[in-house]
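Colleague: Any chance you could fold what I've pasted below:
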Amino acid sequence: MKKLSARRRHPLAALVVLLLALAATGGLYAAFAPADKAQADVAAQSLAIDEGKRLFAVGCSSCHGINGQGGSEGPSLVGVGSAAVDFQVGTGRMPAQQPGAQVPRKPKIYTQGEIDQLAAYISSLGPGPIAPKPEQYNSTNPDDISKGGELFRTNCAQCHNFAGQGGALTKGKYAPSLEGVDAKHIYEAMQTGPQNMPSFPDSTMPEEQKKQIVAFVRHTTNDEPNPGGLTLGSLGPVTEGLFGWIFGLGTLIAVAIWVAAHTTKAKKS
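Modeller: Now for the predicted structure:
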């Protein structure tokens, strides 16, 4: 009778077995789930590269070569990175309609999903600047606007004008207006240095400073009323001087003629 009592299971034994089973199941999941997720990510990336290669062959290879190696009509794309692709294709500059001194911005012809696929393929050709995430270019700090203004006037205003309205360069080239440009594309332009623009990698201009410049440009080129009054295109002393000569001097001449016409001598004659 005592032996039978000794063999009887403890009331908590079933609970212990259940907990051990759950722990084992959790351990198996922890061991295999990350690998499954990694494999899924690799498969998705591989699919994006394949689709991007197909889009590239149709829309880009005639200028940049079938493998992105470049040619007489277009530069090599090896090592330009996803940021350059997102900027050039996202702003409609690529594919280019025709060769010229500078490729202008125009409506894009690819969806964002297709642009991402093209970027995945180009990135597979060689490492380069990576397209930024929203937290890298969207600022929530009001102080970034004033700090960005200082950085912009030091590094950008010589070409893009102090208010981001653009300006002429040499040999038919120009610095485009930044009005209406997406914040992500402004950041990517600083990353990659498209066309005539120098690049500002993180080693030259930290990520935080690029974000501050984006904040200033977006604030300056928005549609809010200008506290200074009539902007005259924000082109600086050129339009202001022209306004002064045409309207200011013209008004003075008109007043002088009126005064001369109403003098006593003028009435006698």
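Colleague: Does Leu118 touch Phe56 like I think?
Modeller: Yes - the criterion here is Cβ atoms under 8 Å, and Leu118 meets it with Phe56 at 6.1 Å. C-beta here means a position set from N, CA and C on the backbone, and glycine is covered the same way.
Colleague: Can you report how many residues lie near Glu207?
Modeller: Neighbour count of Glu207, defined by other Cβ atoms under 10 Å: 15.
Colleague: quick one: it and Gln136 touch, right?
Modeller: Yes - if you go by Cβ under 8 Å, Glu207 and Gln136 touch, sitting 6.0 Å apart.
Colleague: Other residues contacting the helix or strand harbouring Gly113?
Modeller: Using DSSP states H and E, Gly113 sits in helix 112-125. Residues outside helix 112-125 that contact it (Cβ atoms under 8 Å, 6 or more residues apart in numbering) are 45, 48-49, 51-53, 55-56, 60, 67-68, 77-82, 84-86, 89-90, 108, 110, 128, 130-131.
Colleague: so where's the stretch 151-269 of the chain shaky on pLDDT?
Modeller: Applying pLDDT under 70 to the stretch 151-269 of the chain picks out residues 223-240, 264-269.
Colleague: Go again with 90.
Modeller: 161-168, 170-172, 195-196, 220-269 (pLDDT under 90).
Colleague: can you pull out the strands in it?
Modeller: 167-168, 174-175 (DSSP state E, counting those that start in this stretch).
Colleague: Most tightly packed of these?
Modeller: strand 174-175 (a mean of 19; mean count of other Cβ atoms under 10 Å).
Colleague: Please compute how far that one lies from its chain's middle.
Modeller: 17 Å (Cα atoms, centre = their mean, to the nearest Å).
Colleague: And stretch 66-82, by the same measure?
Modeller: The answer for stretch 66-82 is 21 Å, by Cα atoms, centre = their mean.
Colleague: contacts for it?
Modeller: So stretch 66-82 is in contact with 56-57, 60-65, 84-85, 99, 119-120, 122-123, 125-131, 191-192, going by Cβ under 8 Å, 6+ apart.
Colleague: mind running it again at 6 Å?
Modeller: If you take Cβ atoms under 6 Å, 6 or more residues apart in numbering as the criterion, stretch 66-82 is touched by 63-65, 119, 122-123, 125-126, 128-131.
Colleague: got it, and stretch 92-107?
Modeller: When contacts are defined by Cβ under 6 Å, 6+ apart, stretch 92-107 is touched by residues 59, 88, 91, 108, 172-173, 195.
Colleague: Show me what counts as buried in that stretch.
Modeller: Neighbour counts using 16 or more other Cβ atoms under 10 Å place 92-96, 103 of stretch 92-107 among the buried residues.
Colleague: Over to stretch 176-184?
Modeller: 176-178, 181, 183-184.
Colleague: what bridges to Ala175?
Modeller: Applying DSSP bridges to Ala175 gives these bridge partners: Gly167.
Colleague: With adjacent residues omitted, what lies nearest to Gly59?
Modeller: Pro95 (5.2 Å; Cβ to Cβ, 6 or more residues apart in numbering).
Colleague: just to revisit the earlier point, just the ones of the contacts of stretch 92-107 in helices?
Modeller: By the criterion of DSSP state H, membership of the contacts of stretch 92-107 in helices covers 59, 88.
Colleague: Can you tell me which of the contacts of stretch 92-107 is closest to Cys159?
Modeller: Closest approach to Cys159 among the contacts of stretch 92-107 (Cβ to Cβ): Lys173, at 9.8 Å.
Colleague: Please tell me I have it right and that closest one contacts Asn196.
Modeller: Yes - assessed by Cβ atoms under 6 Å, Lys173 is found in contact with Asn196 at 5.3 Å.
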